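*Asks:* heads up, no residue letters with this:
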């Protein structure tokens, strides 16, 4: 028999089952016949026998069925007859135009509406956008009633990092404005060295910085005595420099005056602004009426009232005027019309060497009045810092003690103004200053001028 194998004489043995390769060949024959009936092939698809697995392979004895890849026949190429267009070149029917489009998902609509610049990009060649440099917040340093004391002024400018110990501007600072609210000279003994000091600061201010000097009652008294023929150590050029300074200054909602804002000054200022003229141009027009002519205001008591020399301010602002309201309410109404909500002045010394914030709060409602006269010549330190956002930082001996001494207080003030050493070095790297400004010559004060 075919299915029996002769093992030994007198004994027969059944044939063993087919091996792995025989099983794969049998499956290939079956699959080939099936595909022959479907696709009309002429014979079975030849299969490549698998290699014998390793004896230690875990899948030994478990054959893997072959993978067959069926390639569909390629579509016939359309050939157009002469004079007839192909299917792709035929004109679109009207029904195709009016056919509704497939609905768009919400995510696809969001992606389609994104701007081109904000679309995410990938790749190693993508460059990072440079970080935009934050602009410095403009600060204003306000000093009041120094009365020839340039040593204290130099100390304040050095603590804030604006100048060195000799009173020369540090290159790289800005934007910073320094405003002196008046009485920068002593009316009884005006010091020409102090005048030269402020003149030099004005003429050598770095780009973005400026020094604004306001005339107070001391400067007006000096002009009055010089015109009366009294002896003064100042030259005619010095007197002209005093006349060239402003009486008021307005900036970022803050009105800087020497004394208190009175009704006469604000009425003239309001009428000037109603005609469409800039606020700070008022000084140029008012200077003629104040200093020129035979009836100049600086010779009269009305001139002192214009700069805010009011003997009893509380009684003045509580007085009821002809409109039936107090002078304080009238002043507050005019200040708000001019766009001011803060007033910084000097002239009247405060108690305990501290500035007085929210002065006359009940007499002038809605206006923040700050008295900056803390007797700087006696206390040895004074002033305040204010920025465009309304933040105020006072400078006085009490604040220095709370900071822990002069060194810590100097760090605090320079951090506010960004005038630390690394800030100035960074400013030079960013080319905030021109080369001409960095090489600006320093003007020296003639030491023997007073003796001459």
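*Replies:* Cool, got the structure. Source: prediction; values computed, not measured. Numbering: from 1, shown residues only.

*Asks:* for the protein, which spans come out with low pLDDT?
*Replies:* Applying pLDDT under 70 to the chain flags residues 1-24, 35-136, 293-304, 428-452.

*Asks:* Strands of that one, residue ranges please.
*Replies:* 4-8, 11-14, 139-143, 176-180, 209-213, 249-251, 254-256, 342-345, 368-371, 383-387, 392-395 (DSSP state E).

*Asks:* Put together JSON lines for the ones you listed, with distance to residue 418 on each row.
*Replies:* Where C-beta positions appear, they are placed from N, C-alpha and C, glycine not excepted. Listed next are those as JSON lines, based on distance: least, CB to CB, whole Å:
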{"stretch": "strand 4-8", "distance to residue 418": "103"}
{"stretch": "strand 11-14", "distance to residue 418": "101"}
{"stretch": "strand 139-143", "distance to residue 418": "9"}
{"stretch": "strand 176-180", "distance to residue 418": "9"}
{"stretch": "strand 209-213", "distance to residue 418": "13"}
{"stretch": "strand 249-251", "distance to residue 418": "19"}
{"stretch": "strand 254-256", "distance to residue 418": "21"}
{"stretch": "strand 342-345", "distance to residue 418": "22"}
{"stretch": "strand 368-371", "distance to residue 418": "23"}
{"stretch": "strand 383-387", "distance to residue 418": "11"}
{"stretch": "strand 392-395", "distance to residue 418": "14"}
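
*Asks:* could I get the ones you listed as TSV with distance to residue 415 and mean neighbour count?
*Replies:* Below are the strands of the chain laid out as TSV (distance: least, CB to CB, whole Å; neighbours: other CB atoms under 10 Å):
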stretch	distance to residue 415	mean neighbour count
strand 4-8	103	9
strand 11-14	101	9
strand 139-143	12	23
strand 176-180	14	24
strand 209-213	18	19
strand 249-251	23	19
strand 254-256	23	23
strand 342-345	23	22
strand 368-371	22	22
strand 383-387	12	22
strand 392-395	11	18
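
*Asks:* Out of these, the one nearest residue 317 is which?
*Replies:* Nearest of the strands of the chain to residue 317, taken as CB to CB: strand 368-371 at 9.9 Å.

*Asks:* Name the surrounding residues that touch that closest one.
*Replies:* Outside of strand 368-371, the residues within contact range by CB atoms under 8 Å, 6 or more residues apart in numbering are 260, 341-346, 348, 350, 355-361, 384, 392.

*Asks:* Kindly recompute the last result at 10 Å.
*Replies:* Strand 368-371 has contacts (CB atoms under 10 Å, 6 or more residues apart in numbering) with 142, 144, 253-255, 259-261, 313, 317, 328, 331-332, 335, 340-350, 354-361, 363, 384, 386, 390, 392, 394.

*Asks:* what about residue 272, how many residues close to it?
*Replies:* Residues contacting residue 272 under the criterion other CB atoms under 10 Å number 17.

*Asks:* I'd like the distance between the residue nearest to it when sequence neighbours are not counted and residue 179.
*Replies:* Residue nearest to residue 272 in three dimensions, not counting chain neighbours: residue 282, with 5.0 Å by CB to CB, 6 or more residues apart in numbering. Distance, residue 282 to residue 179, using CB to CB, to the nearest Å: 16 Å.

*Asks:* next one: residue 373
*Replies:* Distance from residue 373 to residue 179, by CB to CB: 14 Å.

*Asks:* re earlier: okay but the residue nearest to residue 272 is in contact with residue 255, surely?
*Replies:* No - between residue 282 and residue 255 there is no contact under CB atoms under 10 Å: 11.5 Å.

*Asks:* Give the residues shared as contacts by these two.
*Replies:* Between them, residue 282 and residue 255 share the contacting residues 248-249, 265, 269, judged by CB under 10 Å, 6+ apart.

*Asks:* how about the residues you listed in a markdown table, adding distance to residue 32?
*Replies:* A markdown table is the format used below for the shared contacts of residue 282 and residue 255 (distance: CB to CB, whole Å):
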| residue | distance to residue 32 |
| --- | --- |
| 248 | 107 |
| 249 | 103 |
| 265 | 112 |
| 269 | 108 |
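
*Asks:* Quick one, which of these are buried?
*Replies:* Neighbour-count burial (16 or more other CB atoms under 10 Å) applied to the shared contacts of residue 282 and residue 255 gives 248-249, 265, 269.

*Asks:* Pull the most distant pair out of those.
*Replies:* 249 and 265 (12.7 Å).

*Asks:* Give me the common contacts of these two.
*Replies:* Common contacts of residue 249 and residue 265 (CB under 10 Å, 6+ apart): 255, 257, 282.

*Asks:* Would you check how far apart the residue lying closest to residue 319 once chain neighbours are set aside and residue 271 are?
*Replies:* Among residues not flanking residue 319 along the chain, residue 327 sits closest, at 5.3 Å (CB to CB, 6+ apart). In this view, residue 327 and residue 271 are 18 Å apart by CB to CB.

*Asks:* out of those two, which sits in the more crowded spot?
*Replies:* Comparing residue 327 with residue 271 by neighbour count (other CB under 10 Å), the higher total belongs to residue 327, at 21 against 11.
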